[in-house]
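A.B. asks: this one's structure only:
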C-alpha cells in the first residue's frame, strides 16, 4: 500500500545528480534562456509597439516562413495564426472546416474535446467518435459521409503518440474525400510528420516551441484553404474571432485579426530559428527521440517503475508517462523533486494514476532527462529508508 504522508520529507538530492535545468512540465514548457535573453535585447524597440507595423509584422513573417521551412510544406500550403490557443481553433474548425460531419479519434482528455465541440455545434451532423482504452490509440476508418477526419498526433494527458497517415482507403480531398485535421499541440516540432498526410496541422507554441500560450497556428493544405472558402460561400454565420477567412486574410498580411502577445510571437520565432539553424525537424525531433530513449530505458530497467503505455511504438517521445509500483507514492516523489528544484513532473490530474508525467520537448536537454532519472532513483531509495 502507498504510505499516507502529509508533509514532504526533507530529502536533499546530491548536486551532482540534479539536472542543470529542472523544468519538465507538459506546458507551459521550458523556455530556453537564450530566447529570453534575445527578447530582452530587443525589448525597448519591440515590446510595446504596434502589431500592425513592420517591427512586429517582420517577426510574424519570419515565423510563418520558418514554419513552412521546418515542416517542408509543399507549394500552396498556408500558415495561419490566430489568438486563443488550440481550444479556440477547435471552435474555429467547427465553423470553418467541417461541412457536415466529422470523425474523431478519442483516446484521452484533449482528443475528446474537439469531438465534444463538434457534437455541440447545431449546424453540424452528429460526429462519429472512435475511442480506445486509455494508453492506446484507435485508427480512423474511411467513410463516404465524413468530410473531416480529426486525429491527434500526441495525447498530452496519457503520453500516447500515433502516426499521422490519411485513413486507409479514403479518397483524397481533391477526389471528394475528407480533410485530415491533426491536433499537434504537444507533438508539433518534436515528432516527425509528412505534410502530404494532413490538410490541417494545428498547434500552440507553449510545448515544443518553448514559448507562451494564447496563440494557435494551423498549417493548411490547398484543400483546406478551399474548404474555408466553400463554407464561407454558404453564408454560414461565424463569429469574427473564429472566422478562418479573416484569419487567412490577416495571416497573409503577417498579422493577426486582434492584438497578439508580442513576447509569445518573438519566443516562438526564436525557437523555430533555433530548430532550422541546427538542421530543421530532424534536429528537434532527434533531441526528443534521444530523451525518450533515455527515459524509457530507465523505466524498463527500474524495479519500481514502468512505462504506462505498453506498446513501444505508441510511447510518446515528447510526453512520457511512467507508472510506479503501488508501494511507492509517486505524488510524494514529485513533491520531493519540486522541493529540489525539479518541477512539474506530476501526472495529468484526471488520469488518476500513481505515475509521473515528464516532458521531453526539444528545448529540454537529453542529459537533463538522464539526470532526472538518476534523481528519481535517489528519491525512491531515500523514501524507502
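C.D. replies: That came in fine, so what should we check first? Bear in mind that the values here come from a model prediction, so they are computed numbers and not experimental data.
A.B. asks: part of a strand, is residue 216?
C.D. replies: Yes. With DSSP: H, G, I helix; E, B strand; the rest coil as the criterion, residue 216 is located in a strand.
A.B. asks: how close does the residue nearest to it when sequence neighbours are not counted get to residue 31?
C.D. replies: Excluding the flanking residues, the one nearest residue 216 by C-beta to C-beta, 6 or more residues apart in numbering is residue 89, at 4.3 Å. In this view, the C-beta of every residue, glycine as well, is placed from N, C-alpha and C. Look at residue 89 and residue 31: by C-beta to C-beta, to the nearest Å, they are 22 Å apart.
A.B. asks: next, count neighbours for the residue nearest to residue 216.
C.D. replies: 30 (other C-beta atoms under 10 Å).
A.B. asks: which residues touch it?
C.D. replies: 82, 202, 216, 218 (C-beta atoms under 8 Å, 6 or more residues apart in numbering).
A.B. asks: surely it is in a helix?
C.D. replies: Yes. Under three-state DSSP, residue 89 sits within a helix.
A.B. asks: how close does it sit to residue 182?
C.D. replies: 11 Å.
A.B. asks: now for those two: what residues contact both?
C.D. replies: By the contact definition C-beta under 8 Å, 6+ apart, residue 89 and residue 182 are jointly contacted by residue 202.
A.B. asks: buried residues in stretch 332-349?
C.D. replies: For stretch 332-349, burial by neighbour count (16 or more other C-beta atoms under 10 Å) applies to 332-337, 339-340, 342, 344-348.
A.B. asks: could you do stretch 99-117 as well?
C.D. replies: Neighbour-count burial for stretch 99-117 [16+ other C-beta under 10 Å]: 99, 101-115, 117.
A.B. asks: which of the residues you listed fall in helices?
C.D. replies: 111, 112, 113, 114, 115, 117 (DSSP state H).
A.B. asks: make TSV from these and add distance to residue 285 and pLDDT to it.
C.D. replies: Converted to TSV, those look like this (distance: C-beta to C-beta, whole Å; pLDDT from 0 to 100):
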residue	distance to residue 285	pLDDT
111	21	91
112	26	93
113	26	92
114	24	94
115	28	95
117	29	95
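A.B. asks: can you put those residues in a markdown table and add distance to residue 376?
C.D. replies: Converted to a markdown table, these look like this (distance: C-beta to C-beta, whole Å):
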| residue | distance to residue 376 |
| --- | --- |
| 111 | 28 |
| 112 | 30 |
| 113 | 31 |
| 114 | 34 |
| 115 | 35 |
| 117 | 37 |
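A.B. asks: nearest to residue 320 among the residues you listed?
C.D. replies: residue 111 (17.9 Å; C-beta to C-beta).
A.B. asks: which stretches of the protein have low pLDDT?
C.D. replies: The chain contains residues with pLDDT under 70 at 1-6.
A.B. asks: where do the strands sit along it?
C.D. replies: Applying DSSP state E to the chain gives strands spanning 78-83, 102-106, 128-131, 148-152, 154-155, 160-161, 179-183, 200-203, 215-220, 305-307, 319-324, 355-359.
A.B. asks: now for the first one, which elements pack on it?
C.D. replies: Applying 3 or more C-beta pairs under 8 Å, 6 or more residues apart in numbering; DSSP states H and E, we find strand 78-83 packed against helix 54-70, helix 85-96, strand 215-220, helix 244-251.
A.B. asks: so for residue 354, which of these sits nearest?
C.D. replies: Of the helices and strands packed on strand 78-83, nearest to residue 354 by C-beta to C-beta is helix 85-96, at 28.5 Å.
A.B. asks: residue 86 is in contact with residue 218, isn't it?
C.D. replies: No. If you go by C-beta atoms under 8 Å, residue 86 and residue 218 don't touch, sitting 9.6 Å apart.
A.B. asks: okay, and the common contacts of those two?
C.D. replies: Joint contacts of residue 86 and residue 218 (C-beta under 8 Å, 6+ apart) are residue 202.
A.B. asks: those two: who's more crowded?
C.D. replies: Higher neighbour count among residue 86 and residue 218: residue 218, with 27 against 23, using other C-beta under 10 Å.
A.B. asks: list the contacts of the nearest residue to that one once chain neighbours are set aside.
C.D. replies: Nearest non-adjacent residue to residue 218, counting by C-beta to C-beta, 6+ apart: residue 202, 4.1 Å away. Residues in contact with residue 202 (C-beta under 8 Å, 6+ apart) are 86, 89, 93, 181, 182, 183, 184, 185, 216, 217, 218, 219.
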